[in-house]
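S.K.: Give me coordinates for this.
(2 chains)
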Amino acid sequence: MSKTGLIIEREYLSRIRKKSFIIMTFLGPILAAGLMSLGIYLGLSDSSAHQILVVDLTAPISEDSLANSTPLFWNKLKSAQQINFSYTPEGLTNTEFDSSQYSLMVVLRNDILTHPQAELVFRKLPSMKVRSYIEDQIENVLEDEKLKLNQIDKRTYDSIRTKVDIIQVNASDGKTSFKQEQAIVGFVFAILIYLFIFLYGVQVMRGVMEEKSSRIIEVIISSVKPFQLMMGKIIGVALVGLTQFLLWIILTAILFSVAIGFLAPELSDAGSMAEQIQMTESVAAEATSEPVNQAALTEMMELILFRINWPLMIGMFLFYFLGGYLLFASLFAAIGAAVDNETDTQQFMLPITIPLIFGFIVSEFALSNPEGASVFWFSLFPLTSPIVMMVRIAMGFDSGTVWQLFLSMGLLIAGFLGAVWLAGKVYRVGILMYGKKTTYKELWKWIRFSS
Amino acid sequence: MLEVNNITKSYANHIALKDVSIKVPKGSVFGLLGPNGAGKTSLIRIINQITGPDQGEIFFGGEKLHPNHISEIGYLPEERGLYKKMKVGEQSLYLARLKGLSKKEAADRLKFWFDRFEINGWWDKKVEELSKGMAQKVQFITTVLHGPKFIILDEPFSGFDPINANLIRNEILRLRDEGATIMLSTHNMGSVEEICSHIALINNATKVLEGSVEDVRNRYRDDIYEISFKGDMLSFTNALWANFELLSHKQDGSLRTAQIKLLNGAIVNDLLKSLIPVVQVHAINEVIPSMNDIFIKVVQQNPDRDE
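M.R.: Coordinates of the predicted model:
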């Protein structure tokens, strides 16, 4: 086995055998699955049934209602599975309400038609879902009433009420554009890259510092070249990261499906995994009470599954993932070599973490304006492109813009070669320097001097 | 075995080695001496190819120094270190394999050395569980495990108790007897006299002295003799004439000892001739300077100008 191979093997094995690695590997998916399941569980079981007392203080207004001589809302709010309405013409005081069997009290004033406002008195704050349900019901009744007052036929009204869908069409190919939606998928990948670079880049730095402070470095570089040691460490840690990643994906999938089966058996009966996910997503969406209907969700799923160019996405993800990691990890390695202890790392960490965080911010910005100038420039710049470009790849390229992808890839390769070269120089000198606090001026001298 | 020719090495703001040449004969124990900061570690690092010289060449066993040679060199740096979290056995295997041994060969040799040093029980211990002396032993083993022809030991005795220091000294001599050449950098002049056959002294980035220990000590002989006698000190002093200088004297019971320097080419016979009539001479022998004396003398003659 080559010496670099030996170093990679040691870096890899010594890390994956660590307790912290094993704990993180198992805890990560448990946490993720736990959070996801918790969300679903809450969505399903926001089932604290509500007995709602509707205090209807309105007087019937329209002719039709007069004939009935009941107040406006009387028996008109539709009860749902967990929600039951009872009606009273007289309000309870708060103390009376507190000791009643009702969990909520809706107070509808007489002037509600002119001042559309209702009071919801609670003992325990109800969920957003319950609140918006009640809102919807009241709105419906008010609408009906207003239609009657203005003598508008309900059917006419429905035909008048209009909702406009904007469909974005790209002039170059005439196809419907879903770029903003696709960008969200890219953003998820961008977050992954950001996390990976940070977590494992810092591990490389720590590893270098450990070798330096335990003074084993001199023994090792009397056997191998400093560059081999540095690259061995960077690659070894990358493999650790990929392993952890893979295990996370597998374990999360297992845990998630187990959790679904356990918490919501009716969902696991539904058949295929895809359906399951779709359903859980819709449940989750309901839980947050977003007005997302089933159709929109299916559309979203379709978008995720079919609009994205998955082979390109995954391929580029791996490319930018590794390219970005190599670039940053070698810079982190250089920092580890330049300093004596953890506290000194701060001053050198800053210029590296700023582009990372900045890339993250730009890619967030790209969600609302995917084709802005800043997104364009920072998707080319090697220190930010691994994060920002993910969003753009999710949106896809056409023949007119694909050069930007190639340029960005080329620049990233050049960037990491440059970073490795630079880091190699700093590393070679730094690992044998002790006791002196390194300054930027010193670093520059090392780079220049050893060339 | 090793020939260093006109090596010069400078760092950004100081010169570490200035035109240094040394020859390490095969089978010797070569002491590389010098005060702190003289440039010893720089020279050792250049021989180990950790850094390169600015000028000059090194020949290893007659060939120009080449990266392949590192498998034939064993190096124990002054700053010892092992991976603290790694187990002793695993770590020794790793370091041996980095030097080019196969896994099996490394394991066999390690077993031999662990038996020899009676440290078999440490195999599965982490380095951080070992005492400093124990870790040093492990480190010594990893230095010589791959059977290097040339072994560089930087302060090999520091951190050892007298028993273990003795163990290491015997190992060094045994390795020499088995055909290895050893370069030793140390401040412990006692051990230099004991085990080194050759030395070089580096001071202020230049080599100021080189040769076999015997040669060097003879070169620094100062014609000083120590004479033990019985008799009156005053008449002893009076008997000394212009060619003899009394350096010191002391009394131990009835026996007196004095150190006398011969001047102007006088010989021992002249001294005895003038002393025999006045005192009863008990013994006389030449005072050969210790390496310690030579070290101090040479270094003080060449004061550090750079710093």
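S.K.: can we go C-alpha only for contacts and neighbour counts from here?
M.R.: Will do.
S.K.: Contact partners for the closest residue to chain B within the stretch 251-400 of chain A?
M.R.: As assessed by C-alpha to the nearest C-alpha, chain B sits closest to A:D340 within the stretch 251-400 of chain A, at 14.6 Å. Each residue near A:D340 by C-alpha atoms under 8 Å, 6 or more residues apart in numbering or on different chains is listed here: A:M209, A:K212, A:S213, A:Y434, A:G435, A:K437.
S.K.: try B:L32
M.R.: Taking C-alpha under 8 Å, 6+ apart as the test, what B:L32 contacts is B:K40, B:M183, B:L184, B:S185, B:T186, B:I199, B:A200, B:L201, B:I202.
S.K.: Flag the shaky bits of chain A, pLDDT-wise.
M.R.: Where chain A drops to pLDDT under 70, the residues are A:1, A:40, A:42-48, A:60-69, A:172-177, A:259-260, A:263-306, A:449-451.
S.K.: Any idea which residue is closest to the centre of it?
M.R.: A:V188 (5.5 Å; C-alpha atoms, centre = their mean).
S.K.: coming back round to it: now render the contacts of B:L32 as a markdown table, adding neighbour count, pLDDT and secondary structure.
M.R.: As requested, these are exported to a markdown table (neighbours: other C-alpha atoms under 10 Å in any protein chain shown; pLDDT from 0 to 100; DSSP: H, G, I helix; E, B strand; the rest coil):
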| residue | neighbour count | pLDDT | secondary structure |
| --- | --- | --- | --- |
| B:K40 | 26 | 89 | helix |
| B:M183 | 23 | 94 | strand |
| B:L184 | 26 | 90 | strand |
| B:S185 | 25 | 90 | strand |
| B:T186 | 22 | 84 | coil |
| B:I199 | 29 | 91 | strand |
| B:A200 | 23 | 92 | strand |
| B:L201 | 23 | 90 | strand |
| B:I202 | 26 | 90 | strand |
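S.K.: Quick check: residues of chain A near chain B?
M.R.: A:3, A:6, A:10, A:14, A:211, A:214-225, A:445, A:449 (C-alpha under 8 Å from any C-alpha of the partner chain).
S.K.: redo that, cut-off 7 Å
M.R.: Contact residues (C-alpha under 7 Å from any C-alpha of the partner chain) of chain A with chain B: A:K3, A:S214, A:R215, A:I216, A:E218, A:V219, A:I221, A:S222, A:S223.
S.K.: you'd agree the fourth one is up against B:E78?
M.R.: No. In this structure A:I216 lies outside contact range of B:E78 using C-alpha atoms under 7 Å: 10.8 Å.
S.K.: Might one say that B:A266 is in contact with B:N243?
M.R.: Yes. If you go by C-alpha under 7 Å, B:A266 and B:N243 touch, sitting 6.4 Å apart.
S.K.: List phi and psi for the residue nearest to the centre of chain A.
M.R.: phi -60, psi -40 (degrees, to the nearest 10).
S.K.: quick one: it from A:Q182, how far?
M.R.: From A:V188 over to A:Q182 the distance is 10 Å, taken as C-alpha to C-alpha, to the nearest Å.
S.K.: roughly how far apart are the residue nearest to the centre of chain A and chain B?
M.R.: The gap separating A:V188 from chain B is 36 Å, by C-alpha to the nearest C-alpha, to the nearest Å.
S.K.: can I get the contacts of B:L32 in CSV with distance to chain A?
M.R.: Below are these laid out as CSV (distance: C-alpha to the nearest C-alpha, whole Å):
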residue, distance to chain A
B:K40, 15
B:M183, 15
B:L184, 16
B:S185, 16
B:T186, 18
B:I199, 23
B:A200, 23
B:L201, 23
B:I202, 21
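S.K.: Contact partners for B:L95?
M.R.: For B:L95, the contact set (C-alpha atoms under 7 Å, 6 or more residues apart in numbering or on different chains) comprises B:T142.
S.K.: Show me where the stretch 51-200 of chain B has its strands.
M.R.: Assigned by DSSP state E, counting those that start in this stretch, the strands in the stretch 51-200 of chain B fall at B:55-60, B:63-64, B:73-76, B:150-154, B:181-185, B:198-203.
S.K.: Kindly report the same for chain A.
M.R.: Assigned by DSSP state E, the strands in chain A fall at A:50-56, A:83-88, A:104-108, A:118-122, A:168-169, A:176-177.
S.K.: Parallel or antiparallel, which strands does the longest one pair with?
M.R.: Using DSSP bridges, the neighbouring strands of strand A:50-56 in the sheet come out as strand A:83-88 (parallel), strand A:104-108 (parallel).
S.K.: Nearest to A:W403, out of the ones you listed?
M.R.: Distance to A:W403, taken as C-alpha to C-alpha, is lowest for strand A:83-88 among the strands paired with strand A:50-56, at 57.5 Å.
S.K.: and that closest one, how far from the chain's centre?
M.R.: Chain-centre distance of strand A:83-88: 40 Å, with C-alpha atoms, centre = their mean, to the nearest Å.
S.K.: Which residues does that strand contact?
M.R.: So strand A:83-88 is contacted by A:A49, A:H50, A:Q51, A:I52, A:L53, A:V54, A:V55, A:D56, A:W74, A:S79 (C-alpha under 7 Å, 6+ apart).
S.K.: As CSV, those residues with neighbour count would be great.
M.R.: What follows is the contacts of strand A:83-88, written out as CSV (neighbours: other C-alpha atoms under 10 Å in any protein chain shown):
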residue, neighbour count
A:A49, 14
A:H50, 20
A:Q51, 17
A:I52, 22
A:L53, 24
A:V54, 24
A:V55, 21
A:D56, 21
A:W74, 19
A:S79, 17
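S.K.: which one among these gets closest to A:A414?
M.R.: If you rank these by distance to A:A414 using C-alpha to C-alpha, A:A49 comes first, at 61.8 Å.
S.K.: Show the backbone phi and psi for the nearest residue to that closest one once chain neighbours are set aside.
M.R.: For A:A49, ignoring the flanking residues on the chain, the nearest one in space by C-alpha to C-alpha, 6 or more residues apart in numbering or on different chains is A:Q82 at 4.5 Å. When read as degrees, to the nearest 10, the backbone of A:Q82 gives phi -100, psi 0.
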